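Peer 1: Let me see the structure of the following:
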Amino acid sequence: MDFTPVRYAPDIAPPEPDLDRSMRRIIEVIEDFERGSVEGEGRAVRFAHAKAYGLVRGTFEILDGVPPEYAQGVYGRPGTHDALVRYSNGLSHLGADRMLGNIVGMATKVFGMESTTTLPDEAMSRTMDFNMINGPVFFCNTAAHYTFLAKLFIDLPKYRQSGRRGNHQMFHDWVTGYGTLPASEWAWDELGAMLRLGERARWQNLLLSSFFSMGAVRHGDYVAKLRIRPTDDSAARVRTRGLDPTGRDEVFRPALVGELAGAEHEFDFQVQLCASLETMPVDDLTVEWEEHESPFVTVARLRFPRQDIGGEENLAAADALSFTPWRCPPEHVPLGSIQTVRKEVYRHSSSLRHRLNGQHRAEPASAADVLPDRS
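Peer 2: Numbers count the residues shown, from 1 in each chain. Just a heads-up that it's a prediction; the model follows:
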């Protein structure tokens, strides 16, 4: 290691002014959406990552022999755990893949962790979640801006339906907060991050994509971001690679189902330590942490056996689960105002959605309780 990693401190990302007020406004926007979000399916959907592409059973092996700066917290206890992964589209809606776009998510739930979580009502759940997307940055920096962007994110398909004029209106509303922000607070950085995210996303098999935590997390004594990427051998096994959404409503799920039925797959779970708060900021999620300053180091392996994830019961199981980056031990808590917003927003969203759908909301005790082995 040719750098000194930044050490974690409780005040490393102090909360922004009026955080509680912004959070309440965001929750109101999202709860209003979920109450009216049945979209012909007869059920309320998530405010983000509404459309599931499949729920996958796997194992999460924490590796031995990892350098001490990386073997922090749970990553300092080698062993193998069951895991579930929900692949999904990033938007708040259902519909054809070509309309929803190719910003996709990979939510991972690891079982049997020997730690309490930071969620008071789930302290003994023994699960740990990772909420990740196929890009290294996030399109929002402050909770104040998120009050506008949450609504715009929900309205994105309406803008797209209006073609070029809709795109122009979206850019205006995005930057200006629907015309309410003074010019000094316009969200240029957030718009740039969103555009870069769209440029880097690919219409490809989900098993070929890398997924990122976007925001920083505590990593024991240090600060880090996370990445999941396919190993070279696993990527080489993928047969259906590029996807064309123009002629079919569904491209991501059929490709995923087909690949998992034919072969096993493996991924590196990696940690990137913060080397400098100036060039690798914790409180600016639009800035990508460059690998030449701090490389990603593999601390665990995620493996998928061959399995059948086809059928509506798989999608029903995916939609019944709850994922939040705050379902984690205290030594791995998310950092920054946006991450704090996610804690309350995800909790309110999940609770309301389960209530509207008549689903019992409880953290599963094992992967087999959710998804029996159908290999």
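
Peer 1: host element of residue 106?
Peer 2: Assigned by DSSP states H and E, residue 106 belongs to strand 104-111.

Peer 1: And that strand, how far out from the chain middle?
Peer 2: Its chain's C-alpha centre and that of strand 104-111 lie 7 Å apart, by CA atoms, centre = their mean, to the nearest Å.

Peer 1: Could you export that strand as PDB, CA atoms only?
Peer 2: In PDB, the C-alpha atoms belonging to strand 104-111 read as follows (Å, rounded to 0.1, in the frame of the first residue of the first chain):
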ATOM      1  CA  VAL A 104     -29.900  -1.300 -12.800                       C
ATOM      2  CA  GLY A 105     -29.400  -2.400  -9.200                       C
ATOM      3  CA  MET A 106     -27.900  -5.300  -7.300                       C
ATOM      4  CA  ALA A 107     -29.200  -5.600  -3.800                       C
ATOM      5  CA  THR A 108     -27.400  -8.300  -1.800                       C
ATOM      6  CA  LYS A 109     -28.500  -9.800   1.600                       C
ATOM      7  CA  VAL A 110     -25.900 -11.900   3.500                       C
ATOM      8  CA  PHE A 111     -27.100 -14.200   6.300                       C
END
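
Peer 1: and after that strand, which helix or strand comes next?
Peer 2: With DSSP H and E, the next secondary element past strand 104-111 is strand 127-133.

Peer 1: Please identify the next secondary structure element, helix or strand, after that following strand.
Peer 2: Defined by DSSP H and E, the subsequent element after strand 127-133 is helix 143-161.

Peer 1: what is the rounded mean pLDDT of that following helix?
Peer 2: Helix 143-161 carries an average pLDDT of 82.

Peer 1: in it, what counts as buried?
Peer 2: Going by neighbour count (16 or more other CB atoms under 10 Å), the buried part of helix 143-161 is 143-156, 159. Every residue, glycine included, has its C-beta placed from N, CA and C.

Peer 1: Can you name every helix or strand that that helix contacts?
Peer 2: helix 19-35, helix 97-100, helix 163-176, helix 337-356 (3 or more CB pairs under 8 Å, 6 or more residues apart in numbering; DSSP states H and E).

Peer 1: would you turn the ones you listed into TSV with distance to residue 243 and mean neighbour count?
Peer 2: Shown next, in TSV, are the helices and strands packed on helix 143-161 (distance: least, CB to CB, whole Å; neighbours: other CB atoms under 10 Å):
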stretch	distance to residue 243	mean neighbour count
helix 19-35	28	18
helix 97-100	8	19
helix 163-176	23	14
helix 337-356	28	20
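
Peer 1: Tell me which of these sits nearest to residue 207.
Peer 2: helix 97-100 (16.0 Å; CB to CB).

Peer 1: hmm, back to that, pairing partners for the strand holding residue 106, with directions?
Peer 2: As defined by DSSP bridges, the strand partners of strand 104-111 come to strand 79-89 (antiparallel), strand 127-133 (antiparallel).

Peer 1: Out of those strands, which is the most enclosed?
Peer 2: Per residue and on average, the most neighbours among the strands paired with strand 104-111 fall to strand 127-133, with a mean of 23 (mean count of other CB atoms under 10 Å).

Peer 1: Assess the claim that residue 327 and residue 117 are in contact.
Peer 2: Yes: between residue 327 and residue 117 there is a contact under CB atoms under 8 Å: 5.3 Å.

Peer 1: Quickly list what's touching both of those two.
Peer 2: Counting by CB atoms under 8 Å, 6 or more residues apart in numbering, the shared contacts of residue 327 and residue 117 are 125, 127-128.

Peer 1: quick revisit: want to throw the strands paired with strand 104-111 into a markdown table with distance to residue 290 and mean pLDDT?
Peer 2: Converted to a markdown table, these look like this (distance: least, CB to CB, whole Å; pLDDT from 0 to 100):
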| stretch | distance to residue 290 | mean pLDDT |
| --- | --- | --- |
| strand 79-89 | 27 | 97 |
| strand 127-133 | 19 | 96 |
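
Peer 1: Okay, buried residues for stretch 174-185 please.
Peer 2: Using 16+ other CB under 10 Å as the test for burial, stretch 174-185 gives 174-177.

Peer 1: Just confirm residue 293 contacts residue 274, I think it does.
Peer 2: No: Residue 293 lies out of contact with residue 274 (CB under 8 Å); the separation is 9.0 Å.

Peer 1: in what helix or strand does residue 196 lie?
Peer 2: helix 188-200.

Peer 1: Tell me, what's the model's pLDDT at residue 295?
Peer 2: pLDDT at residue 295 comes out at 97.

Peer 1: Tell me the spacing between it and residue 79.
Peer 2: Using CB to CB, to the nearest Å, one gets 25 Å for the distance from residue 295 to residue 79.

Peer 1: now the least confident helix or strand in the chain by mean pLDDT and helix 188-200, what's the angle there?
Peer 2: Ranking every helix and strand in the chain by mean pLDDT, DSSP states H and E puts helix 143-161 at the bottom, with a mean of 82. Going by axes from the mean of the first three to the mean of the last three CA atoms, to 10 degrees, helix 143-161 is angled at 50 degrees with respect to helix 188-200.
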